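S.K.: After the sequence you'll find the predicted model.
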Amino acid sequence: MQEITEASRRRGRWTGWLLRQLRAGGAFVFRDYHLTRRYASWFIVFAFYDIVNAATIVLIGVAGGSTGLTLTLILGVLMWSFLSRLFGEIANSISYERWEGTIEYTFMAPVSRLTHLLGVSSFAGVYALVRVVIVSLALLSFTHVAIGQANLFGCLVVLAVASIAFMGLGLIAAVLPLMSTENGAQATNIVQGVLLLISGIYAPVKYLPTWLQPLSRLSPATYALSACRKLLGIVPGQAQLVRGASLVSVLPDLGILLLFGLLTVPLGLAVFTVAERWAKRHGKLKRVG
Amino acid sequence: MPLSGEISATADLPDRERAISVDRLHMSFARRSGLFRKSREPFVAVDQVSFTVRRGEIYGVLGPNGSGKSTLIRAISTLLIPDSGEVRIFGLDLVKDQARIRRLLSRVSVDAAFYKKLSPRENLLYSARLYGLDPREAELRSLAILKRLGLRESAFYESLEEMSRGMQQKVAIARAFLVSPVIVLLDEPTTGLDPKSRRDVQEFVLELRNVHDATIILTTHDMPEAERLCDRIAFIHGGRFVAEGTAGELCGVAGTADLEEAFLKLTGDDLESDTGEG
């Protein structure tokens, strides 16, 4: 009887802990949702720029009269829009706190850094997805590509797995604004730019300069794009699409993406924890703006 | 009346009664200097400070701008890791038991740090969720605290950026007390408030101590406020505790009629001076 009581007490404690973590993680979703709502004009401006940028790039494929090239560009635009937004929102979450002057308040709340960053990442994922859906719908008025033979479900799976890896990279980059108030946010843009360059977003990485090609292996977007091109039936250099590959045939790419996620998320958390200690030791949480 | 470096007379209290123990706390930073701000020189913000705060006590820390008050509060808030020394909250070590200590603490800083675009309701519900509280209960409680502080109900839903500093500070105080903290760190909570708002906040602070058994550290450079609220007061100057005691004891030691003169006599400085970084 005593054992049962002890077991149920332990279960109750665990449930209580889980509920607190869910509420705490939900706090960041709640906050970011309301901030996005209040900064609606920014959202509209960014979405408009995304659409214009995407349409400009995709029209290059339309002008070339190549379905393969057009779909390659659409894939690149949409995937980069999603992954870069996800990465950017997580990486800049600390910068936003500095601008608002709330960083100290957030850091003294009884929330584990894992819960904190998962909460931020959850909203960032939904936010990035909404932006991609808007851009996708807008692109329909610029071009139409028949993708009846494409494996779209497979693409969604790849995108979901790649998201974990990009969250991890975002966590690592979030350290930069934590350590440097003035230069941290700009440094995350440089990291994002390098990822854009080396991942073969709009063309396969074999077209990169030879000296740059090895670096492409360090970006999860390289593997996500490679897998999605196969799933959509894109053959590099060929104008017509072929039947999209099955999910099984891109398992090696998926495996690498998963490995990226399994490495970068714990690494990101570890790096963040070390940087947080450093910031507290040197009084770097104090300054805002 | 212990001076800097000495352990307070409360050192022999049992752990249950000793809410906060600070022992030889030292905190320094590097400050950029020179023509191109390339060189760094060390700057001591808190210098070997020791004191103890009893459970249910309001402990005042008085000093001019830049004397180390805010750094001391930040260190106790787990926002800084000290160079040396030890801080214990109900026996828990500030560095090793951070997660547990954060559940006990709440802080109000001189600058009301909020998401200014959000309303008090949104800011307070965000805080409540962060601390794992039920949002519905938290909403009712937030409204009750804000009304108690004299804020009209409609302001609960308005953007904070449209509110006066006094109103923002009241929301900050509501946020600090919403989570029923055991320890409250008030860093110049009434600076910049009009007399009515200041009185509202002071009465609320007293009520929280008297009714809810909160232990409070209050930094201020407002002497009447310190005399009215604080059970004991420490004078801080140049990062060091210069004197500690009740208002009466401090005046007695200095041989002065009021606390401001006592501060001037014991520190050789006045409260309106600016002695560097905080």
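M.R.: Happy to help now that I have it.
S.K.: could you give me the average pLDDT of whichever strand or helix holds A:Thr36?
M.R.: Element membership for A:Thr36, per DSSP states H and E: helix A:2-38. Mean per-residue pLDDT for helix A:2-38: 86.
S.K.: ok, now stretch B:250-265?
M.R.: Stretch B:250-265 comes out at a mean pLDDT of 91.
S.K.: Please apply the same query to stretch A:275-282.
M.R.: 92.
S.K.: where does the stretch 151-278 of chain B have low pLDDT?
M.R.: B:271-278 (pLDDT under 70).
S.K.: where's the closest residue to chain A within it relative to B:Gln168, distance?
M.R.: Chain A sits closest to B:Ser159 of the stretch 151-278 of chain B, with a gap of 7.4 Å, by Cβ to the nearest Cβ. In short, each C-beta sits where N, CA and C put it, glycine included. Here the criterion is Cβ to Cβ, to the nearest Å. By it, B:Ser159 lies 11 Å from B:Gln168.
S.K.: between the two, who's got more neighbours?
M.R.: Higher neighbour count among B:Ser159 and B:Gln168: B:Gln168, with 21 against 14, using other Cβ atoms under 10 Å in any protein chain shown.
S.K.: For the residue nearest the centre of chain A, give me its contacts.
M.R.: In chain A, the residue lying closest to the centroid (Cα atoms, centre = their mean) is A:Leu86, at 2.9 Å. Residues counted as contacts of A:Leu86 (Cβ atoms under 8 Å, 6 or more residues apart in numbering or on different chains) are A:Ser121, A:Ala124, A:Gly125, A:Ala128, A:Ser163, A:Phe166, A:Met167, A:Gly170.
S.K.: The first one and A:Ile90 touch, don't they?
M.R.: Yes. Under the contact definition of Cβ atoms under 8 Å, A:Ser121 touches A:Ile90, with a separation of 5.5 Å.
S.K.: and for the two, which residues touch both?
M.R.: A:Met167, A:Gly170.
S.K.: In contact with B:Phe189: list those residues for me.
M.R.: Not Phe; residue B:189 is Pro. B:Pro189 neighbours (Cβ under 8 Å, 6+ apart): B:Val108, B:Val110, B:Gln169, B:Ala172, B:Ile173, B:Val201, B:Val205, B:Leu218.
S.K.: Taking these, tell me the two that lie furthest apart.
M.R.: B:Val110 and B:Val205 (15.1 Å; Cβ to Cβ).
S.K.: Which residue of these two possesses the greater neighbour count?
M.R.: More crowded of B:Val110 and B:Val205, by other Cβ under 10 Å: B:Val205, with 24 against 21.
S.K.: For the more buried one, which non-adjacent residue is closest in space?
M.R.: B:Leu229 (6.0 Å; Cβ to Cβ, 6 or more residues apart in numbering or on different chains).
S.K.: and what of B:Arg129?
M.R.: Per Cβ to Cβ, 6+ apart, closest to B:Arg129 is A:Ala27, 3.4 Å.
S.K.: still on that earlier bit, quick one: which of the contacts of B:Pro189 is nearest to A:Leu59?
M.R.: B:Ala172 (51.5 Å).
S.K.: count of residues packed around that closest one?
M.R.: The number of residues near B:Ala172, taken as other Cβ under 10 Å, comes to 25.
S.K.: Ok, A:Leu156 next?
M.R.: The number of residues packed near A:Leu156 is 12, by other Cβ under 10 Å.
S.K.: Now do the same contact list for it.
M.R.: So A:Leu156 contacts nothing (Cβ under 8 Å, 6+ apart).
S.K.: one step back: how much space between the residue nearest to B:Val205 and B:Pro42?
M.R.: 35 Å.
S.K.: When the two are compared, which one has more neighbours?
M.R.: Of the pair B:Leu229 and B:Pro42, B:Leu229 is the one with more neighbours under other Cβ under 10 Å, namely 23 against 9.
S.K.: ok, the more buried one - contacts?
M.R.: With Cβ under 8 Å, 6+ apart, B:Leu229 has these contacts: B:Ile58, B:Gly60, B:Gln202, B:Val205, B:Leu206, B:Leu218.
S.K.: Relative to A:Pro209, which of those residues is nearest.
M.R.: Using Cβ to Cβ, the contacts of B:Leu229 come closest to A:Pro209 at B:Leu218, 63.1 Å.
S.K.: That closest one contacts B:Gln202, correct?
M.R.: No. Using Cβ under 8 Å, B:Leu218 is not in contact with B:Gln202, being 9.7 Å away.
S.K.: Overlap of the contact sets of these two?
M.R.: With Cβ under 8 Å, 6+ apart as the test, B:Leu218 and B:Gln202 both reach B:Glu225, B:Leu229.
S.K.: neighbour count winner among the two?
M.R.: B:Leu218 (27 against 19).
S.K.: Regarding that one, what is its secondary structure?
M.R.: The local conformation at B:Leu218, judged by DSSP: H, G, I helix; E, B strand; the rest coil, is strand.
S.K.: contacting residues for it?
M.R.: B:Ile58, B:Tyr59, B:Gly60, B:Val61, B:Leu186, B:Pro189, B:Val205, B:Glu225, B:Ala226, B:Leu229, B:Cys230.
S.K.: give me the beta-bridge partners of it?
M.R.: Beta bridges link B:Leu218 to B:Gly60, B:Leu186 when assigned by DSSP bridges.
S.K.: List the backbone torsions phi and psi for the residue of the stretch 51-200 of chain A found nearest chain B.
M.R.: Residue of the stretch 51-200 of chain A nearest chain B, by Cβ to the nearest Cβ: A:Pro110 (3.9 Å). A:Pro110 has phi and psi values of phi -80, psi 60 when expressed as degrees, to the nearest 10.
S.K.: Surely it and B:Tyr131 touch.
M.R.: Yes. In terms of Cβ under 8 Å, A:Pro110 counts as a neighbour of B:Tyr131; the distance is 6.4 Å.
S.K.: where do the contact lists of those two overlap?
M.R.: A:Ala24, B:Arg103.
S.K.: hmm, back to that, taking the contacts of B:Pro189 one by one, which sit in strands?
M.R.: B:Val108, B:Leu218 (DSSP state E).
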